[in-house]
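# Starting from these lines, generate the structure:
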Amino acid sequence: MRSLKHQILILLLCSLVLLAGSFLAILGWYMKDRDVAAAMIKAKTDLATCREIIDKTYPGSWSVQDGNLYKGTIKISLNNDLVDHLALLTGDTVTLFCGETRVATTVRGSNGERAIGTKVAANVAQTVLQNGQTYLGEATVVGQRYQTGYVPLRTSTGNIIGIFYVGISHAYEQEIITRSLITMAEIGLALTILVALLTWFFLQKVIIHPLHNIMLGTRDVATGHLTQKIKVSGAKEIGELEDAFNQMVEQIQSLTGEISRATTGSNNSDDPTEGEINTATQPIETNKAITELTIKNTVPTDQQPLSGLNMALCIGEEGLPKGLNQSTLAQIVQFLQATRRPLSAEDVAEGVKLTRVTVRRYLEFLEQSGLLKSEQKYGTVGRPVKLFIPL
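Numbering: from 1, shown residues only. Next up, the predicted model:
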């Protein structure tokens, strides 16, 4: 069976992994749309840049001579140096069309050769060659999908004789998205490890270590070694568990002492028969014997009427609320009688070596019984302190 620490860590790590996976999926979907928009902007910008470079490098107008594409006096058909240079500058695939046929291109077919002589897609030819418009969007280029830009090439008289193309492949987009997601995943993994380490230290200090100390105290109780109360630091719930455990230890110690005294009194009886009877009936009469013994030891010998806190010494176990015992009550009353001054629950707890929570229950019982009164003491800072005053 896994420990509480391991269960919490596994739950945390699973939650972080699920959160990171969801984040990466959403980020990938968002980046895909953004990359398509960015590719369109790049294609449009590269079209303008490349056309300006061509115009400055090769002055003159576009024309067709003997079935070949010319720019001014320079033959553009099969001018691979031009398209390779433009592709190197932009990172795009670049093509020049004479009519709808590729005459210079960096696009390669399935055989690895330049796709010279292949045709432009029909929908692109309709938009650019016949309608004279610029085409921006996804298109099939020699069997592959690209984000593309096509513009018409016009003669000096305005006739459309060809097309200039730039394209950004989906593989390039996927590479950008993949690199971005890998970077985000690495950052997320580092943050997950950091959060896991911080959580481990927090659990160890605030929860696991205090619970371990309480567990050791519980084992001492189980083996009968009640040496001292535990003292742990942690969350509010851990503190409440500590108080409850210490209160249980106090009650066990008190009950053990009372049973021991009652048993000793029975064994010291001069009448053997009476001792045997007492021993036989001890499991049944234990509480009664403890109560009678306590009252006997605390009632003054002169039989004078009791007043004030002395009345508390005559209260039997049956007269106490659940969870309180007469021995601890007598210990607190004797301390209050010896002190005879206003005291807080913390002062009494320190004096009788009990927990503040336990002492407060007894003090509130005495107050409700009319044997103590309380008043609030206000200081310059902090909350007021409740003082208990013997009557």
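# helix/strand/coil for residue 322?
Assigned with DSSP: H, G, I helix; E, B strand; the rest coil, residue 322 falls in the coil class.
# Report the separation between it and residue 43.
Using C-beta to C-beta, to the nearest Å, we find residue 322 at a distance of 83 Å from residue 43. To be clear about C-beta, it is placed using only N, CA and C from the backbone, and glycine gets the same treatment.
# In terms of neighbours, single out the busier of these two.
Between residue 322 and residue 43, residue 43 has the larger neighbour count (other C-beta atoms under 10 Å), namely 23 against 4.
# Tell me who's in contact with the more buried one.
Counting by C-beta atoms under 8 Å, 6 or more residues apart in numbering, residue 43 makes contact with 92, 136, 147, 148, 149, 166, 167, 168.
# which element is the closest residue to the fifth one other than its chain neighbours on?
In this case it means residue 149. The shortest distance from residue 149 to any non-neighbouring residue, by C-beta to C-beta, 6 or more residues apart in numbering, is to residue 43 (3.6 Å). Taking DSSP states H and E as the criterion, residue 43 maps to helix 4-57.
# Following element in sequence after that helix, please.
Trace forward from helix 4-57 with DSSP H and E and the next one is strand 62-65.
# For the stretch 101-250 of the chain, which segments are assigned as helices?
122-125, 170-202, 209-223, 236-267 (DSSP state H, counting those that start in this stretch).
# Could you do the stretch 251-391 of the chain as well?
Using DSSP H, counting those that start in this stretch, the helices of the stretch 251-391 of the chain run over 272-298, 326-339, 345-352, 356-368.
# Determine how far the third one lies from the middle of the whole chain.
Taking C-alpha atoms, centre = their mean, to the nearest Å, one finds helix 345-352 lying 40 Å from the centre of the chain it belongs to.
# One more: the last one?
The offset between the C-alpha centroid of helix 356-368 and the centroid of the whole chain comes to 40 Å, using C-alpha atoms, centre = their mean.
# That one packs against which elements?
helix 236-267, helix 326-339, helix 345-352, strand 372-377, strand 385-390 (3 or more C-beta pairs under 8 Å, 6 or more residues apart in numbering; DSSP states H and E).
# how big is the angle separating that helix from helix 326-339?
80 degrees (axes from the mean of the first three to the mean of the last three C-alpha atoms, to 10 degrees).
# Tell me the buried residues in helix 356-368?
357, 358, 359, 360, 361, 362, 363, 364, 365, 366, 367 (16 or more other C-beta atoms under 10 Å).
# number of nearby residues for the residue nearest to the fifth one when sequence neighbours are not counted?
It refers to residue 361. What sits nearest to residue 361 in space, not counting adjacent residues and going by C-beta to C-beta, 6+ apart, is residue 324, at 6.6 Å. Other residues within reach of residue 324 by the criterion other C-beta under 10 Å amount to 16.
# I figured residue 324 hits residue 360, correct?
No: contact criterion C-beta atoms under 8 Å: residue 324 and residue 360 do not qualify, at 11.6 Å.
# If you average pLDDT over each of the helices of the stretch 251-391 of the chain, which is lowest?
By mean pLDDT, the lowest-scoring of those turns out to be helix 272-298, with a mean of 44.
# Okay, domains of this protein per the record?
4-177, 237-390 (automatic domain parsing).
# looking at those, which one has the lowest mean pLDDT?
When I compare these, domain 237-390 is least confident, with a mean of 71.
# From start to finish, how long is stretch 341-355 in a straight line?
Terminal residues of stretch 341-355 are spaced 20 Å apart (C-alpha to C-alpha, to the nearest Å).
# Can you report how many residues neighbour the nearest residue in space to residue 200 that is not next to it in sequence?
With sequence-adjacent residues excluded and distances taken as C-beta to C-beta, 6+ apart, residue 200 is closest to residue 9, at 6.3 Å. Residue neighbour count, defined by other C-beta under 10 Å, stands at 16 for residue 9.
# give the contact list for residue 9.
The neighbours of residue 9, taking C-beta under 8 Å, 6+ apart as the test, are 196, 199, 200, 203.
# need the contact list for the second one.
Taking C-beta under 8 Å, 6+ apart, we find residue 199 in contact with 8, 9, 12.
# 7 Å - rerun?
9, 12 (C-beta atoms under 7 Å, 6 or more residues apart in numbering).
# again with residue 345
356, 359, 360, 363 are the contacts of residue 345 under C-beta under 7 Å, 6+ apart.
# ok, so of these, who is nearest residue 254?
Of all these, residue 359 has the smallest distance to residue 254: 13.7 Å, by C-beta to C-beta.
# what separates stretch 131-142 from the chain centre, distance-wise?
The answer for stretch 131-142 is 49 Å, by C-alpha atoms, centre = their mean.
# again with stretch 137-150
The answer for stretch 137-150 is 45 Å, by C-alpha atoms, centre = their mean.
# What residues of that stretch count as buried?
Neighbour-count burial for stretch 137-150 flags 137, 139, 141, 142, 146, 147, 148, 149, 150 (criterion: 16+ other C-beta under 10 Å).
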